[in-house]
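Student: fold the following for me, if possible:
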Amino acid sequence: MAGMFGLPENVEYCTRCAMSNQKPNSSIEYQNTSANRDTMALDDDGICAACHYADTKGGIDWGVREEKLIALLDQYRRSDGRYDVVVPVSGGKDSIYAAHLLKYRYGMNPLTVTWAPHIYRDEGWRNLHKMIDAGFDNILYTPNGKVHRQLTKLAFVNLLHPFQPFVFGQKNVGPRISIQYDIPLVMYGESNVEYGDPVASDDDLMTEEYFSLEPELDDIYLGGVSARDLINDHGLSLNDLKPYFPIHPQELRKEETKVHYLGYYMNWDPQECYYYSVEHCGFETSEERNEGTFSKYSELDDKLIPLSFYCMHVKFGIGRAMYDAVQEVRNNKITREESVALINKFDGEYPARWLNELLEYMDITKTEFDTVVDRFRPPHLWEQVDGAWKLKQPPV
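Tutor: Here you go, the predicted structure:
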């Protein structure tokens with residue numbers, strides 16, 4: 001039986017890491033209308049796809065993978081002073097790691113590019129500039145603030161996915177800069193297969209449908225609304241929406257842009273990325289743990305991130321602490337028992353720290369916010385106990 005959003009009615013948790021079977025796989029955001037989602041599979045032993053991939057990584061010859069990386073980079077390497085790889089960066093530990101390795105270990109000449117967050121955190125802004133000061137050129141693309149706020153509000157109200165406008169930009173900005181600056185190679189960090197997408201998707205190339213599509217106004221949805229309706233009913237123009245649109249496949253073919261995952265070629269470990277970025281770029285953490293989790297070093301760039309993870313917890317029963325904890329289990333940093341304890345302590349924490357600022361950003365009231373949130377609670381996941389919402393089946 002399928003519940004709300006097509007989620008499995010029977011809630012199960014991975015017997016190895018404690019990830020929930022409610023976790024949605026990556027999807028094509030341009031087709032996101034809050035319809036049913038494919039979810040991460042657990043096998044007959046209750047082990048999730050991400051844990052199986054972690055096992056697979058143990059059998060990979062990473063020396064051979066590195067040889068493939070060097071051969072790939074040699075195809076695109078330039079000696080005339082022009083940039084030879086585009087590296088999308090947020091200023092976070094993973095993108096700093098990717099950019100720094102490509103330049104200083106492998107001798108590439110990267111152009112880093114950043115799609116601006118909704119509202120910068122101080123630590124995120126400083127970390128981005130610490131990366132730049134460590135020897136990188138950077139393009140910061142900041143979208144039209146009025147349009148971005150409007151799309152963020154629509155994504156929240158229609159999808160409970162306020163982070164969606166950033167996702168559009170993050171996926172598009174690398175390939176778009178590749179075309180504009182004649183740099184055919186784009187290199188992102190880790191692949192989503194690290195987090196439970198089907199292992200069959202373990203490839204060095206990002207699937208083009210995530211960022212490329214013929215721009216038909218009736219087929220592209222932003223904030224759960226078709227582009228045509230955004231223009232006809234919401235006062236937006238084609239110029240307003242263009243930065244969020246997928247890239248036309250013909251443009252990609254003309255430039256021969258290819259988007260790769262560095263994580264395919266390297267044994268990706270988020271904690272090791274953190275240590276590396278501290279050593280080489282002076283990366284700084286938050287002074288206090290991030291809302292909704294126990295960590296201090298992940299996703300420090302945007303004040304909207306805790307609210308986004310809170311919405312995810314409401315919609316799927318999976319929050320930031322779960323994502324952080326299960327990854328630590330797979331990388332042999334903590335045990336499953338520790339993972340469960342951390343999840344039950346921190347997951348779903350109300351995002352109070354910047355909530356007033358975010359409500360003003362989206363132009364909604366606190367009452368409207370809570371009403372929208374509760375509308376998206378799947379009844380097979382949630383129940384009210386003494387006036388408070390509780391998960392029916394928390395991890396054990």
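
Student: and the strands in the chain, which stretches?
Tutor: Taking DSSP state E to define them, one finds strands in the chain at 85-88, 110-115, 137-141, 185-188, 221-222, 225-226, 258-261, 382-385, 388-391.

Student: how far does the last one sit from the chain's center?
Tutor: Going by CA atoms, centre = their mean, to the nearest Å, the spacing between the C-alpha centre of strand 388-391 and its chain's C-alpha centre is 26 Å.

Student: hmm, Gly92 and Asn127 touching each other?
Tutor: Yes: look at Asn127 against Gly92 with CB atoms under 8 Å: they come within range, at 7.0 Å. Yep, even glycine has a C-beta here, placed from its N, CA and C like the rest.

Student: helices along the stretch 251-396 of the chain, start to end?
Tutor: 270-281, 305-316, 320-330, 336-346, 355-362, 366-375 (DSSP state H, counting those that start in this stretch).

Student: do the stretch 101-250 of the chain as well
Tutor: In the stretch 101-250 of the chain, the helices defined using DSSP H, counting those that start in this stretch lie at 122-133, 145-159, 164-181, 227-233, 238-241, 249-255.

Student: how about the second one: buried residues?
Tutor: Of all the residues in helix 145-159, those buried under the rule 16 or more other CB atoms under 10 Å are 147-159.

Student: now those as JSON lines including distance to Trp268?
Tutor: Shown next, in JSON lines, are the buried residues of helix 145-159 (distance: CB to CB, whole Å):
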{"residue": "Val147", "distance to Trp268": "34"}
{"residue": "His148", "distance to Trp268": "30"}
{"residue": "Arg149", "distance to Trp268": "34"}
{"residue": "Gln150", "distance to Trp268": "35"}
{"residue": "Leu151", "distance to Trp268": "31"}
{"residue": "Thr152", "distance to Trp268": "29"}
{"residue": "Lys153", "distance to Trp268": "34"}
{"residue": "Leu154", "distance to Trp268": "34"}
{"residue": "Ala155", "distance to Trp268": "28"}
{"residue": "Phe156", "distance to Trp268": "31"}
{"residue": "Val157", "distance to Trp268": "35"}
{"residue": "Asn158", "distance to Trp268": "33"}
{"residue": "Leu159", "distance to Trp268": "29"}
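
Student: return the alpha-carbon coordinates of the lowest-mean-pLDDT helix or strand in the chain using CSV.
Tutor: Ranking every helix and strand in the chain by mean pLDDT, DSSP states H and E puts helix 249-255 at the bottom, with a mean of 86. The C-alpha coordinates for helix 249-255 follow below in CSV (Å, rounded to 0.1, in the frame of the first residue of the first chain):
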residue,chain,number,x,y,z
PRO,A,249,19.8,20.2,-25.1
GLN,A,250,21.0,21.8,-28.4
GLU,A,251,23.1,24.3,-26.4
LEU,A,252,24.8,21.4,-24.5
ARG,A,253,25.5,19.6,-27.8
LYS,A,254,27.0,22.7,-29.4
GLU,A,255,29.4,23.3,-26.6
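
Student: deepest in the core, which of the strands of the chain is it.
Tutor: For those, the largest average neighbour count (mean count of other CB atoms under 10 Å) is found in strand 85-88, namely a mean of 27.

Student: distance check, Ile318 against Gly292.
Tutor: The gap separating Ile318 from Gly292 is 11 Å, by CB to CB, to the nearest Å.

Student: residues shared between the contacts of those two?
Tutor: With contacts taken as CB atoms under 8 Å, 6 or more residues apart in numbering, Ile318 and Gly292 have Asp347 as neighbours in common.

Student: between the helices of the stretch 251-396 of the chain, which gets nearest to Gln393?
Tutor: Ranking the helices of the stretch 251-396 of the chain by proximity to Gln393 (CB to CB) places helix 336-346 first, at 11.8 Å.

Student: report the buried residues of the closest one.
Tutor: In terms of neighbour count (16+ other CB under 10 Å), helix 336-346 has its buried residues at Arg336, Ser339, Val340, Ala341, Leu342, Ile343, Asn344, Phe346.

Student: low-confidence ranges in the stretch 1-150 of the chain?
Tutor: Along the stretch 1-150 of the chain, the model assigns pLDDT under 70 to residues 1-2, 34-35.

Student: quick one on the thing from earlier: any common contacting residues for Asn127 and Gly92?
Tutor: Leu300, Asp301.

Student: between these two, which one's more packed in?
Tutor: Between Asn127 and Gly92, Asn127 has the larger neighbour count (other CB atoms under 10 Å), namely 27 against 24.

Student: residue contacts, the more buried one?
Tutor: Applying CB under 8 Å, 6+ apart to Asn127 gives the contacts Gly91, Gly92, Ile96, Cys281, Phe283, Glu284, Leu300, Asp301.

Student: so which of the residues you listed is the closest to Met362?
Tutor: If you rank the contacts of Asn127 by distance to Met362 using CB to CB, Asp301 comes first, at 18.4 Å.

Student: quick revisit: just flag the most distant two among the contacts of Asn127.
Tutor: Among the contacts of Asn127, Cys281 and Asp301 lie farthest apart (CB to CB), at 14.3 Å.

Student: and the buried residues of helix 336-346, which two are furthest apart?
Tutor: Greatest spatial distance in these: Arg336 and Phe346, 16.1 Å, computed using CB to CB.
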